[in-house]
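K.L.:
When you get a sec, could you give me coordinates for this:
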Amino acid sequence: METPTIRLTQFSEGSGCGCKIAPAVLDSILGNRKSVDLEDPNLLVGNSTKDDAAVYQISETIAMINTVDFFTPIVDDPYDFGRIAAANALSDVYAMGGKPLFANAILSWPVEKIDPMLAAEVLEGGRAICQEAGIPLAGGHSIAAKDPIFGLSVNGIIHPKSIKTNKGSKEGDLIYITKPLGIGVLATALKRDKINQDDYVKMIHFATQINSIGSEFGQLEYIHAMTDVTGFGLLGHLVEMSEGAGLSAVIQGSSLPLIDGVSDYISQFIFPDNTYRNWNAYSGKTEGINGMELVKFCDPQTNGGLMVAVDPKSQKAFESFLEKHRQKAWLIGEFIAQSAKVVKVV
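P.N.:
Numbers count the residues shown, from 1 in each chain. Sure thing, here's the model as predicted:
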């Protein structure tokens, strides 16, 4: 890994999904409404819930999915930055169980400070991921601003009966995740010049791995709910799933998968500052997380894996499906009846 002359990660305090607005602040922004949204019966999923994308029904068999996602650099290589940002944006469509159709780019670039040709490399990275997903990067919008920012607005489709929201879990459902945790930790190690080459390669592998299996999950009736794990960490997105369904969750703490090598960085206190932001937002709803365990639960992921709620009666069928599609997934817990704490770790 060669250190670029210009380090994109030095142009922003946060990086990747770690630059999201804090959960409590976001709630206050979204809750400060002075007007009522237009009611439309065709809007199947909107901003009344904390879901991954909006879904609008256009016929009996087709609903349109739309999402937008962008952030500041998580890596210094512009091409990889574009790849990660594009994969992360596509994930919102996959997390609804849908199939992306096309995307538009969103680009902010400090043209007087950073060579515009590096922005061209960012776009190439985004285009490469769109090609991998089988969709065109159809257009976009750019501005000159002080921070480099890149992302996509993605449009997709799904059958209205196949939509997977983040609030459909049922009591007894098993909880799986499809990627190991630790991308935020590795990104912080990179920013602090502490990461080694092997761990950098692992980070790029997982951060650019598209969650296209979500389109297949959308066809499985025994998957009751789904979301992707991003900036609020595993704990934050699990709280959203649990509260949305009126349930609680029990997690086997030892079952949480970490990317190889991440524990070494945590032991050196190398992890994002926003890990504490997430912990402060959700710790009051949680019990059983002790000491530095909070890092793996609250590490902000960028293009993290999918978290799915699976009918326990279909566990064997689901695991056979995973094997057939060569898709890894880890069983980490289950949803239970609502209790005093939203998430209990044992």
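
K.L.:
What ranges does the stretch 101-250 of the chain have for its helices?
P.N.:
116-133, 183-191, 197-207, 213-217, 233-245 (DSSP state H, counting those that start in this stretch).

K.L.:
so of those, which one's packed in deepest?
P.N.:
Mean neighbour counts were compared across the helices of the stretch 101-250 of the chain using mean count of other CB atoms under 10 Å; the top stretch is helix 183-191, at a mean of 27. C-beta coordinates here come from the backbone N, C-alpha and C atoms, glycine included.

K.L.:
sorry, back to before: tabulate the helices of the stretch 101-250 of the chain in JSON lines, adding columns for mean pLDDT and distance to residue 295.
P.N.:
Formatted as JSON lines, the helices of the stretch 101-250 of the chain follow (pLDDT from 0 to 100; distance: least, CB to CB, whole Å):
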{"stretch": "helix 116-133", "mean pLDDT": "97", "distance to residue 295": "28"}
{"stretch": "helix 183-191", "mean pLDDT": "95", "distance to residue 295": "7"}
{"stretch": "helix 197-207", "mean pLDDT": "97", "distance to residue 295": "16"}
{"stretch": "helix 213-217", "mean pLDDT": "97", "distance to residue 295": "26"}
{"stretch": "helix 233-245", "mean pLDDT": "95", "distance to residue 295": "9"}
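
K.L.:
Turn those helices into a markdown table, columns for distance to residue 256.
P.N.:
Shown next, in a markdown table, are the helices of the stretch 101-250 of the chain (distance: least, CB to CB, whole Å):
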| stretch | distance to residue 256 |
| --- | --- |
| helix 116-133 | 27 |
| helix 183-191 | 13 |
| helix 197-207 | 15 |
| helix 213-217 | 20 |
| helix 233-245 | 7 |
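
K.L.:
Which one of those lies nearest to residue 305?
P.N.:
Distance to residue 305, taken as CB to CB, is lowest for helix 197-207 among those, at 8.2 Å.

K.L.:
Which residues does that closest one contact?
P.N.:
Residues outside helix 197-207 that contact it (CB atoms under 8 Å, 6 or more residues apart in numbering): 1, 16, 74-75, 80, 83-84, 87-88, 179-180, 183, 186-187, 189-190, 195, 259-262, 265, 302-303.

K.L.:
With stretch 305-323 instead?
P.N.:
For stretch 305-323, contacts defined as CB under 8 Å, 6+ apart pick out 91, 94-95, 164, 168-170, 172-180, 211, 213-214, 216-217, 220, 222-229, 234, 237-238, 241, 328-329, 334-335.

K.L.:
From one end of stretch 66-86 to the other, what's the distance?
P.N.:
Taking CA to CA, to the nearest Å, stretch 66-86 runs 14 Å from one end to the other.

K.L.:
buried ones in it?
P.N.:
By 16 or more other CB atoms under 10 Å, the buried positions in stretch 66-86 come out as 67, 69-86.

K.L.:
For the residue nearest to residue 174 when sequence neighbours are not counted, give the beta-bridge partners.
P.N.:
Residue nearest to residue 174 in three dimensions, not counting chain neighbours: residue 310, with 4.7 Å by CB to CB, 6 or more residues apart in numbering. Residues in a beta bridge with residue 310, per DSSP bridges, are residue 174, residue 223.

K.L.:
Quick one: neighbours of residue 310, just the number.
P.N.:
27 (other CB atoms under 10 Å).

K.L.:
got the phi/psi numbers for the spatially most central residue of the chain?
P.N.:
Residue closest to the mean C-alpha point of the chain, counted by CA atoms, centre = their mean, is residue 230 at 3.0 Å. In terms of degrees, to the nearest 10, the main-chain angles of residue 230 are phi -130, psi -130.

K.L.:
where does the protein dip in pLDDT?
P.N.:
1-5, 12-38 (pLDDT under 70).

K.L.:
And residue 315, how close does it get to residue 200?
P.N.:
36 Å (CB to CB, to the nearest Å).
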